[in-house]
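Visitor: Below are the sequence and a predicted model; questions follow.
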Amino acid sequence: MKKKNSTLGIILVLLAGILWGFSGFFVNHLKPRGVTSPQIGIMRLGFTFIIILVWTLIFKCDVLKAPKRCYKYFAGAGALGMVGSTIFYFYAIEMTSMAVAAVLMYTAPIIVVVLSIFIFREHLTLLKSACCIASFLGAALVSGIVGGIGNISIPGLLWGCAAGFSYALYSIFSSLALSRGAKPLSVTTYAFGFATIAMIPFGNIPSLIEKISNDPVIPLIALAQALVSCLAPYVLYTIGLKFTNASNASIMSTVELVAATVIGRVAFGELVSIPAAIGIVLVIGSVVMLNVKIPHKHY
């Protein structure tokens, strides 16, 4: 399944990465209110599923109709891709640090590139390999891990790599569903449904309900998070997969770390180090090089 990287696909994937970068903004407002990471995850996924389900029932009922052969891919994208990356990412943070976990999460583009060779018969070009490595190094620099921030343990390393693998699975399963006739909104709707169900055991629902009843601001922040950093980016990314290869899209999504760094600087006054600035250049450079059209000269 070979696709051309159209301008529309590039724009959609990059917008998705930027919006994903707002996740930390909302987390930094929910954590001080006593909400745990799994509870943030269940609200993020659950609210998003409710919003998109209500919208489809009112305006787009045909979205709920999908080829039967696609449901296994929906389940894979949601229960394995979304939930797996969320849970494993939390474990990686607890056993290492947020910086280390973020870098391990961004092994995903490398995994997608490798899997796409076997599943979609994509070609591994020198440019794609270079961009993949550059984006990963850029992510490492942006996260601060190169400066010695964070401890690395074997369990933490394994959980982080598992998060990256799960993160990659969303791209793979979504592309498989799209290639078999599923609509982008069908993929997103069902993936969030399966993800919400799979996430419930981790969310400690009774405790979450008690926290919400004592602090009604919590669901408002969570709702904003669901709209800005979950629903919108996942919809944009999934539509973008129709117009670009899964491997290219995954590499381009590393712009999320750049966006998160810029947002942290603007909203919370976080400093941007020289290595982080170099990392930003590497990530943006890899995205540009991956999509620039070099004209062929004929002699």
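Guide: All right, it came through fine.

Visitor: Next one: Gly24, what pLDDT does it get?
Guide: If you check Gly24, the pLDDT there is 74.

Visitor: which strands and helices sit next to the helix or strand containing it?
Guide: Taking DSSP states H and E as the definition, Gly24 sits inside helix 23-30. Here helix 23-30 touches helix 37-59, helix 217-226, helix 255-268, going by 3 or more Cβ pairs under 8 Å, 6 or more residues apart in numbering; DSSP states H and E. Just so you know, the C-beta spots here come from the backbone N, C-alpha and C atoms, and that holds for glycine as well.

Visitor: quick one, which of those is nearest to Ser6?
Guide: helix 255-268 (17.6 Å; Cβ to Cβ).

Visitor: tell me the mean pLDDT for the longest helix seen in the chain?
Guide: The residue-count maximum for a helix in the chain (DSSP state H) belongs to helix 154-179. Mean pLDDT, computed over helix 154-179, is 88.

Visitor: go on, stretch 30-45?
Guide: Computed over stretch 30-45, the mean pLDDT rounds to 90.

Visitor: Okay, buried residues for it please.
Guide: 30, 35-45 (16 or more other Cβ atoms under 10 Å).

Visitor: What residues does Phe192 make contact with?
Guide: If you count contacts by Cβ atoms under 8 Å, 6 or more residues apart in numbering, Phe192 has them with 45, 48-49, 52, 78, 82, 234.

Visitor: Apply 7 Å and report the result again.
Guide: 45, 48-49, 52, 78 (Cβ atoms under 7 Å, 6 or more residues apart in numbering).

Visitor: Which two among the residues you listed are spaced furthest apart?
Guide: Every pair of these checked by Cβ to Cβ; the farthest is Ile52 and Gly78, at 12.1 Å.

Visitor: quick one, which of the two is more surrounded?
Guide: Set Ile52 next to Gly78 and count neighbours by other Cβ atoms under 10 Å: Gly78 wins out with 29 against 24.

Visitor: what about Thr7, how many residues close to it?
Guide: There are 10 residues near Thr7, going by other Cβ under 10 Å.

Visitor: Tell me, what's the model's pLDDT at it?
Guide: Reading off the model, Thr7 has pLDDT 81.

Visitor: quick one: Leu14 from Thr254, how far?
Guide: Going from Leu14 to Thr254 by Cβ to Cβ, to the nearest Å gives 10 Å.

Visitor: higher neighbour count, the two?
Guide: Thr254 (27 against 22).

Visitor: Please tell me I have it right and the more buried one contacts Ala134.
Guide: No - the criterion here is Cβ atoms under 7 Å, and Thr254 misses it with Ala134 at 9.5 Å.

Visitor: quick revisit: how about the buried residues of stretch 30-45 in TSV, adding distance to Val287?
Guide: What follows is those, written out as TSV (distance: Cβ to Cβ, whole Å):
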residue	distance to Val287
Leu30	30
Val35	33
Thr36	34
Ser37	29
Pro38	32
Gln39	33
Ile40	28
Gly41	27
Ile42	32
Met43	31
Arg44	26
Leu45	27
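
Visitor: Can you pull out the low-pLDDT segments for the stretch 101-250 of the chain?
Guide: 143-152 (pLDDT under 70).

Visitor: mind redoing it with 50?
Guide: The stretch 101-250 of the chain contains residues with pLDDT under 50 at 149-150.

Visitor: how about the helices of it, start to end?
Guide: 108-119, 126-143, 154-179, 184-199, 205-214, 217-226, 232-240, 246-252 (DSSP state H, counting those that start in this stretch).

Visitor: Could you pull up the contacting residues of Leu231?
Guide: If you count contacts by Cβ under 7 Å, 6+ apart, then Leu231 has 48, 51-52 around it.
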